[in-house]
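Chemist: sequence first, predicted coordinates after that:
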Amino acid sequence: MKTITIPGALFFNEEDNSFIQTKEATIDIEHSLHALSKWECKWHSAFFGNDKKTNEQILDYVKCMTLTEGVDPNVYRFIPANILEEIGKYMEDSMTSIDWNAQQKHKSTKTYGKPHQETVTSELIYFWMIDCGIPPEYEYWHLNKLLSLIKMCYLKRTPPKKMSKNELLSRNASLNAARRKALNTTG
């Protein structure tokens, strides 16, 4: 969860030719599967892979992430660029201490999903959760933390990468050489 403060603003509403004054608002947001699902239900579009989001769609995602109740909808109409940048950094944060390179050294290169062949939607992530036996309440976790958990589930289920015949022969040859040297033998 992240707490942000959106300063009050005065702006002109072209719809009814009036000025709107908003008060400063402090809101809690969570970049979660639940928020992602709400956004995709409204826009009928995948959030990931959609790099051409309009300002209205971006601001609507901030609304979908909002946990604070009773926020004046006009507050979202003027969120300064520095706050949007702060929200973007929060959304990109891995929220984990896992070193994925170290985790995959002894595993096969197979990963969950097929990011280059499959559009990642909230439904697909829900499927991954069900497939991994992850409880539904985890949909409220930070999305990157949830995706890390899903990835870890798939990695732990994947058997270690098998050695090729040449790798196996080479390993055995070096083990035999080490044993001959340790025992001071020739064969």
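Modeler: Cool, got the structure.

Chemist: drop to CA atoms for contacts and neighbour counts, all remaining ones
Modeler: Noted.

Chemist: residue nearest the centroid of the chain?
Modeler: Central residue check for the chain by CA atoms, centre = their mean: the C-alpha nearest the mean position is that of residue 144, 2.7 Å away.

Chemist: what about residue 127, distance to residue 28?
Modeler: 27 Å (CA to CA, to the nearest Å).

Chemist: how far off centre is the helix or strand where residue 176 lies?
Modeler: Taking DSSP states H and E as the definition, residue 176 sits inside helix 165-183. In terms of CA atoms, centre = their mean, to the nearest Å, the centre of helix 165-183 is found 43 Å from the chain centre.

Chemist: check for me that the residue nearest to the centre of the chain belongs to a helix.
Modeler: Yes. Residue 144: assigned to a helix according to DSSP: H, G, I helix; E, B strand; the rest coil.

Chemist: ok, it - contacts?
Modeler: 91, 92, 93, 94, 95 (CA atoms under 8 Å, 6 or more residues apart in numbering).

Chemist: make a ChimeraX selection of the buried ones in these.
Modeler: Applying 16 or more other CA atoms under 10 Å to those, the buried members can be selected in ChimeraX as follows:
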select :91,94
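
Chemist: could you take the contacts of residue 144 and lay them out as TSV, with extra columns for secondary structure?
Modeler: Formatted as TSV, those follow (three-state DSSP):
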residue	secondary structure
91	helix
92	helix
93	coil
94	coil
95	coil
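
Chemist: save the contacts of residue 144 as JSON lines, and put in pLDDT and distance to residue 54 too.
Modeler: Formatted as JSON lines, the contacts of residue 144 follow (pLDDT from 0 to 100; distance: CA to CA, whole Å):
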{"residue": "91", "pLDDT": "95", "distance to residue 54": "18"}
{"residue": "92", "pLDDT": "94", "distance to residue 54": "19"}
{"residue": "93", "pLDDT": "92", "distance to residue 54": "23"}
{"residue": "94", "pLDDT": "89", "distance to residue 54": "25"}
{"residue": "95", "pLDDT": "89", "distance to residue 54": "27"}
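
Chemist: wait, which of the contacts of residue 144 is closest to residue 172?
Modeler: residue 94 (40.0 Å; CA to CA).

Chemist: how far away is the residue nearest to the centre of the chain from residue 55?
Modeler: In terms of CA to CA, residue 144 sits 23 Å off from residue 55.

Chemist: what's the answer for residue 90, then?
Modeler: Residue 90 is 18 Å from residue 55, by CA to CA.

Chemist: per-domain residue ranges of this structure.
Modeler: In terms of domains, the chain is parsed into 2-92, 96-187 (source: automatic domain parsing).

Chemist: spell out the residue ranges of the strands in the protein.
Modeler: 2-6, 9-13, 18-22, 25-29 (DSSP state E).

Chemist: among those strands, show the one with the smallest mean pLDDT.
Modeler: The weakest mean pLDDT among those belongs to strand 9-13, with a mean of 85.

Chemist: direction included, what does it pair up with?
Modeler: Strand 9-13 has its sheet partners listed here by DSSP bridges as strand 18-22 (antiparallel).
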